[in-house]
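In: Got a predicted structure plus its sequence, pasted below:
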Amino acid sequence: MSLLGIDVGTSGCKAAAFLENGERLASAYREYATSHPREGWAELDSREVWNCVRDTIAEVSGRVTQHPVRALCVSSMGEAMTPVSKDRQILGPCILSSDTRGMEYVEALARQIPQEAFFRINPNIFGRQYSLPKLLWRREYQPALYAQAHKFLLWGDLAAFMLGCDPVTSYSHANRTLLFDICREDWSDPLLLLTGIERAKLPLPMPSGAVAGTVCERVAGELNLPKGVLVVVGGHDQCCGSLGAGVYEAGKAVCGIGTFECITPTYDHLPDAAAMLRHGLNIEHHVLPGLFVSFIYNQGGSLVRWFRDTFARAERKLLPAGEDIYDALAREMPPEPTRLFTLPYFEITGPPGFIADASGVIVGLKTSTTRGEILKSIMESVTFYFAESLYALKELGVNPSEFVATGGGAKSDQWLQLKADICGVPFVRPRITEASVLGAAILAGIATGVFRHPAEGVGQFVKPDKVFEPDPIRHQIYQQKLEAYRELFPLLKDFLAKLEKGDQKPSQQQ
């Protein structure tokens, strides 16, 4: 018997099957591309993504027939919603959080309800990156599609729905829509009334770890699954990743390095709303009962991927089989801190700023600058971005003595050493860095009684691999560089805003 964890991300999906002792039996991955139909738009072809998810499930389940899958659980990105029909047809693409559409609806909402009052219901900072602005945009500019849609589903919901379950969503995913009441653990009637979104268009909120249903017999046959596989409600990828990194109690923090980099501290109570709002920090359910998390996030792996595709596209295709382009590029990075400064504002930033009217900047380029220096500067800047929020966490009583590093970026020794040097605390890499997949599998095990409690699942599945200790000399250099970095955006803020305003298109309509 095995447990199947699935993760649906912005740029790819993974699936992996595990034995009860945490041994990984098989895994599969598929990558897909973001579509940009217009300047500022960012979508995924939901049919293509679902086909990739199906392929990963079928590949993994076909390789573990000696240990057939007993239960599966899905971790996935937040915000992006897909319209579906009642008969489980995908009706259109999902709009990603990085898409620029919807700001006018956020501004209208802010005029109707103060941020403080809103935050007490749904503890998120107003922003266009959430589901609600995209739903309102679709209702206005794609009225036929909006009316035709039976439900709008986030990716964890969509996967379970397409496998044969009723349309349900986790509390953590529901929170990403801006329509969820975190205290009542249900859709907020006042916010639904205020925005005009019909409850009937949304899935039923359920706690992570609940059993949503079973894979229908027809789909099971297509995906090499046995009959009666249980589908367990998963959660937002960072929340699943927290469990998969070994966090099952308050006071610990994870640094997930995926398409976005996200630092996720954990609380055993709902933190004070006023203090969290003052520091620009959200609150969301963990995938375990009684726990909550915050997210400090910004672009991470997406910038390294941009660098790869922009500066190494041709040679990537020429590499010998088995050699990774990221490893090749990392060997070009200098061992010491760079003299470059990069603003990681290539897209809308995360908390605490949520800056939309800026763009990426690289300062200090010379004719002697190497490609490796630029790459390392990008990696440095991604960590610099989080410095202010880490100070805010200390004020809130959260001061991690170490970070558990997860995600694809955690495979890079250079990046983790750089982070330890900048932050001045150790970064611990577990043996399995795909923590969202791992967390989903642990949830599946808890829900089906394989594990009596989360600590047992973590003890079986989460094993340390390597600890990266900070170098005190480089840490001192980075502290000085961080002070200079803090001066950069204030110097360029007005210019970048003017530049960004000039790039905006006059119409958001199709």
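Out: Right, received. Where do you want to start?
In: going forward, measure contacts and count neighbours with C-alpha atoms only.
Out: Will do.
In: residues contacting the closest residue to residue 346 other than its chain neighbours?
Out: Distances taken as Cα to Cα, 6 or more residues apart in numbering put residue 360 closest to residue 346, at 4.3 Å, once the chain neighbours are dropped. By Cα atoms under 8 Å, 6 or more residues apart in numbering, residue 360 lies in contact with 342-347.
In: now with 7 Å?
Out: 343-346 (Cα atoms under 7 Å, 6 or more residues apart in numbering).
In: mind checking how far residue 36 is from residue 243?
Out: Counting by Cα to Cα, to the nearest Å, the separation of residue 36 from residue 243 is 33 Å.
In: typo on my end, residue 446
Out: Residue 446 is 12 Å from residue 243, by Cα to Cα.
In: Of the two, which one has the most company?
Out: residue 243 (29 against 19; other Cα atoms under 10 Å).
In: what kind of secondary structure is the more buried one in?
Out: helix (DSSP: H, G, I helix; E, B strand; the rest coil).
In: Go ahead and confirm it touches residue 441.
Out: No - with contact defined as Cα atoms under 7 Å, residue 243 does not count as touching residue 441 (9.9 Å).
In: So for residue 446 and residue 243, which residues contact both of them?
Out: Counting by Cα under 7 Å, 6+ apart, nothing touches both residue 446 and residue 243.
In: Please enumerate the strands of the stretch 101-250 of the chain.
Out: All strands of the stretch 101-250 of the chain, identified by DSSP state E, counting those that start in this stretch, fall at 151-153, 168-170, 180-181, 186-187, 204-206, 211-214, 230-236.
In: Find the least confident helix or strand in the chain, judged by mean pLDDT.
Out: Every helix and strand of the chain was ranked by mean pLDDT, DSSP states H and E. The lowest is helix 387-395, at a mean of 78.
In: Surely residue 444 is in contact with residue 73?
Out: Yes - the pair residue 444 / residue 73 is scored as a contact, 5.6 Å apart, by Cα under 7 Å.
In: quick revisit: go ahead and produce PDB holding the CA coordinates of the least confident helix or strand of the chain.
Out: Output of helix 387-395 as PDB, limited to C-alpha atoms (Å, rounded to 0.1, in the frame of the first residue of the first chain):
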ATOM      1  CA  ALA A 387      14.900  41.300   5.500                       C
ATOM      2  CA  GLU A 388      12.300  43.900   6.700                       C
ATOM      3  CA  SER A 389       9.600  41.200   7.200                       C
ATOM      4  CA  LEU A 390      12.000  39.000   9.200                       C
ATOM      5  CA  TYR A 391      12.500  42.000  11.600                       C
ATOM      6  CA  ALA A 392       8.700  42.300  11.800                       C
ATOM      7  CA  LEU A 393       8.400  38.600  12.800                       C
ATOM      8  CA  LYS A 394      10.900  39.200  15.600                       C
ATOM      9  CA  GLU A 395       8.600  41.900  17.000                       C
END
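In: so what secondary structure elements neighbour the helix or strand following that helix?
Out: Scanning forward in sequence from helix 387-395 by DSSP states H and E, the next helix or strand is strand 403-406. Contact here means 3 or more Cα pairs under 7 Å, 6 or more residues apart in numbering; DSSP states H and E; on that basis strand 403-406 packs against strand 253-257, strand 427-430.
In: helices and strands around the last one, which ones?
Out: This points to strand 427-430. strand 403-406, strand 464-468.
In: Mind listing residues that contact the last one?
Out: What that stands for is strand 464-468. 416-417, 420, 426-431.
In: Show me which residues of it are buried.
Out: In terms of neighbour count (16 or more other Cα atoms under 10 Å), strand 464-468 has its buried residues at 467-468.
In: Describe which strands it pairs with in its sheet and in which direction.
Out: Strand pairing for strand 464-468, determined by DSSP bridges: strand 427-430 (antiparallel).
In: any idea of the mean pLDDT for the strand it pairs with?
Out: Mean pLDDT, strand 427-430: 95.
In: Same question for stretch 334-353.
Out: On average, stretch 334-353 scores 90.
In: From start to finish, how long is it in a straight line?
Out: 31 Å.
In: Quick check: buried residues in that stretch?
Out: 337-338, 340-352.
In: ok, those residues vs residue 149, which is closest?
Out: Taking Cα to Cα as the measure, residue 348 is the one of those closest to residue 149, at 28.5 Å.
In: show me what contacts the closest one?
Out: Contacts of residue 348 (Cα under 7 Å, 6+ apart): 98, 354-356.
In: 6 Å instead?
Out: By Cα atoms under 6 Å, 6 or more residues apart in numbering, the contact set of residue 348 is 355-356.
In: Relative to residue 388, how far out is it?
Out: 17 Å.
In: can you tell me which of the contacts of residue 360 are in strands?
Out: residue 343 (DSSP state E).
In: As a markdown table, the contacts of residue 360 with distance to residue 80 would be great.
Out: Output for the contacts of residue 360, formatted as a markdown table (distance: Cα to Cα, whole Å):
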| residue | distance to residue 80 |
| --- | --- |
| 343 | 26 |
| 344 | 22 |
| 345 | 21 |
| 346 | 19 |
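In: ok, of the contacts of residue 360, which one's closest to residue 93?
Out: Closest to residue 93, out of all of those and judged by Cα to Cα, is residue 346, at 23.0 Å.
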